[in-house]
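**Student:** Just the structure for this:
(one chain, ligands or ions: 1)
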Amino acid sequence: MWRRCGALGRALALRGLPGLAPGAAGRRTASGPSPPARPGLPCGTAAAGSQLGQSKDYALPNASWSQDMLDLYNRFLDMTKDGLWKRIPSYNNILDHIPESMKLTYEKRKDTRLFLRSIDAEGAGFEYVMFLNTSEKRVVCLFQPGSYLEGHPGFAHGGSIATIIDSTIGSCAISVAGKVMTANLSIDYVNPVPLGSVVLVDSKADKVEGRKVFLSCKMQSVDGNTLHAEATALFIQLDATKAQKQQASCQ
Ligand SMILES: CCCCCCCCCCCC(=O)SCCNC(=O)CCNC(=O)[C@H](O)C(C)(C)COP(=O)(O)OP(=O)(O)OC[C@H]1O[C@@H](n2cnc3c(N)ncnc32)[C@H](O)[C@@H]1OP(=O)(O)O
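**Tutor:** Numbering: from 1, shown residues only. The predicted structure follows:
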């Protein structure tokens with residue numbers, strides 16, 4: 001099905017992703033309910049929590065999403081139907097990503113937020129949704145940078161690009177190794193990212209050596225013609241004793 005698509009189809013088909021010819025599709029609404037998160041993945045449980053009176057899931061379409069963003073979202077949602085890909089819900093507080101049983105070990109603070117969800121206005125900050133393919137050890141993020149992420153006029157700030165890459169790669173590392181932290185992140189910025197455009201951040205765990213998870217990532221335009229950034233990263237699985245000390249020191 002994806003082979004019929006345009007430039008991105010050719011570019012991303014190489015990486016097994018659904019392509020999208022610019023402007024090829026008419027406006028559609030996001031389809032279908034979201035699948036439940038994978039058991040054990042520490043990134044959320046309620047796929048559509050807001051509908052159940054729980055925390056709002058921000059990884060769902062809103063009025064600020066461009067046609068490209070919606071089209072890609074719907075294509076990825078289609079791919080979740082066979083169970084290989086799963087949409088990762090996104091809340092504005094890390095505690096909502098943690099299983100109930102683990103929440104007891106954290107002191108509840110209502111004055112903190114996940115950095116990526118710190119801007120309230122729809123479309124102004126990080127508009128994104130991630131999809132996980134467990135068997136390929138891969139996470140793909142559809143990212144639409146908003147106007148409050150400006151660096152050079154009209155383009156996304158390099159720090160915001162690093163943030164979305166770190167979080168995409170980080171989510172991939174978490175799915176592979178549980179509690180991890182970024183030890184090293186190396187980014188080549190190849191082409192600037194226009195504000196309001198949509199890019200795909202495609203990350204993969206390449207190797208696991210003991211507590212070390214090595215990952216790589218590419219950020220590309222929707223038409224597949226522009227490579228915006230490439231990155232490699234090392235995440236370290238937290239040693240249980242050190243993790244407890246770190247937790248204690250920030251409470
Ligand atoms: C779910 C969705 C929710 C939503 C959330 C979305 C995802 C969020 C992702 C964001 C992630 C972050 O921003 S995390 C925040 C930024 N990162 C940090 O603040 C981390 C600060 N650094 C640390 O706390 C520490 O250095 C650690 C935890 C990374 C590692 O410390 P450690 O546990 O004591 O490990 P240590 O013994 O030193 O090292 C273990 C092995 O790794 C190697 N190693 C350690 N650091 C490095 C390094 N920089 N470069 C090369 N190698 C290194 C060592 O040589 C050793 O190799 P060998 O001798 O075994 O061969």
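
**Student:** quick one: contacts of stretch 149-164?
**Tutor:** Residues from elsewhere that reach stretch 149-164, judged by C-beta atoms under 8 Å, 6 or more residues apart in numbering: 115-116, 125-126, 128, 141, 143, 145, 185, 187, 189, 192-195, 201, 219, 228-229. All C-beta spots, glycine's among them, are computed from the backbone N, C-alpha and C.

**Student:** switch the cut-off to 6 Å
**Tutor:** For stretch 149-164, contacts defined as C-beta atoms under 6 Å, 6 or more residues apart in numbering pick out 143, 145, 187, 192-193, 195, 201, 229.

**Student:** Neighbours of Lys81, how many?
**Tutor:** 10 (other C-beta atoms under 10 Å).

**Student:** Residues in contact with the helix or strand where Leu215 lies: which ones?
**Tutor:** Assigned by DSSP states H and E, Leu215 belongs to strand 212-221. With contact meaning C-beta under 6 Å, 6+ apart, strand 212-221 is reached by 165, 169, 172-173, 176-177, 199-207, 227-235.

**Student:** Tell me which entries of these lie within helices.
**Tutor:** Mapping those onto helices (DSSP state H) picks out 165, 169, 172-173, 176-177.

**Student:** so which of the residues you listed is the most crowded?
**Tutor:** Neighbour-wise, the ones in helices among the contacts of strand 212-221 (other C-beta under 10 Å) top out at Cys172, 30 neighbours.

**Student:** Can you tell me the closest non-neighbouring residue to that residue?
**Tutor:** Val139 (4.0 Å; C-beta to C-beta, 6 or more residues apart in numbering).

**Student:** residue boundaries of the strands in this protein?
**Tutor:** Ranges of strands in the chain, per DSSP state E, are 85-88, 126-133, 138-145, 180-189, 199-209, 212-221, 227-237.

**Student:** ok so, going back, of the contacts of strand 212-221, which fall within the contact range of the ligand?
**Tutor:** For the ligand, the contacts drawn from those by C-beta under 6 Å from any ligand atom are Leu234.

**Student:** Weed out the non-buried ones from the contacts of strand 212-221.
**Tutor:** With neighbours counted by 16 or more other C-beta atoms under 10 Å, these contain buried members at 165, 169, 172-173, 176-177, 199-205, 228-231, 233-235.

**Student:** pLDDT at Ala243, what is it?
**Tutor:** For Ala243, the pLDDT comes out at 72.

**Student:** Tell me how many other residues crowd the residue lying closest to it once chain neighbours are set aside.
**Tutor:** For Ala243, ignoring the flanking residues on the chain, the nearest one in space by C-beta to C-beta, 6+ apart is Lys179 at 6.1 Å. As a burial measure, Lys179 scores 15 neighbours (other C-beta under 10 Å).

**Student:** and what of Pro194?
**Tutor:** So Pro194, with other C-beta under 10 Å, has 15 neighbours.

**Student:** Report the contact partners of it.
**Tutor:** No contacts exist for Pro194 under C-beta under 6 Å, 6+ apart.

**Student:** ditto for His228
**Tutor:** His228 touches 190-191, 193, 199, 219, counting by C-beta under 6 Å, 6+ apart.

**Student:** any idea how far the ligand is from it?
**Tutor:** Distance of His228 to the ligand, computed by C-beta to the nearest ligand atom, to the nearest Å: 20 Å.

**Student:** Leaving out sequence neighbours, find the closest residue to that residue.
**Tutor:** Met219 (4.3 Å).

**Student:** Which pLDDT value belongs to the one you found?
**Tutor:** 98.

**Student:** gap between the two ends of stretch 120-127?
**Tutor:** 11 Å (C-alpha to C-alpha, to the nearest Å).

**Student:** is any part of it close to the ligand?
**Tutor:** No. Stretch 120-127 lies out of reach of the ligand by C-beta under 6 Å from any ligand atom, never closer than 11.3 Å.

**Student:** And the average pLDDT for that stretch is what?
**Tutor:** 97.
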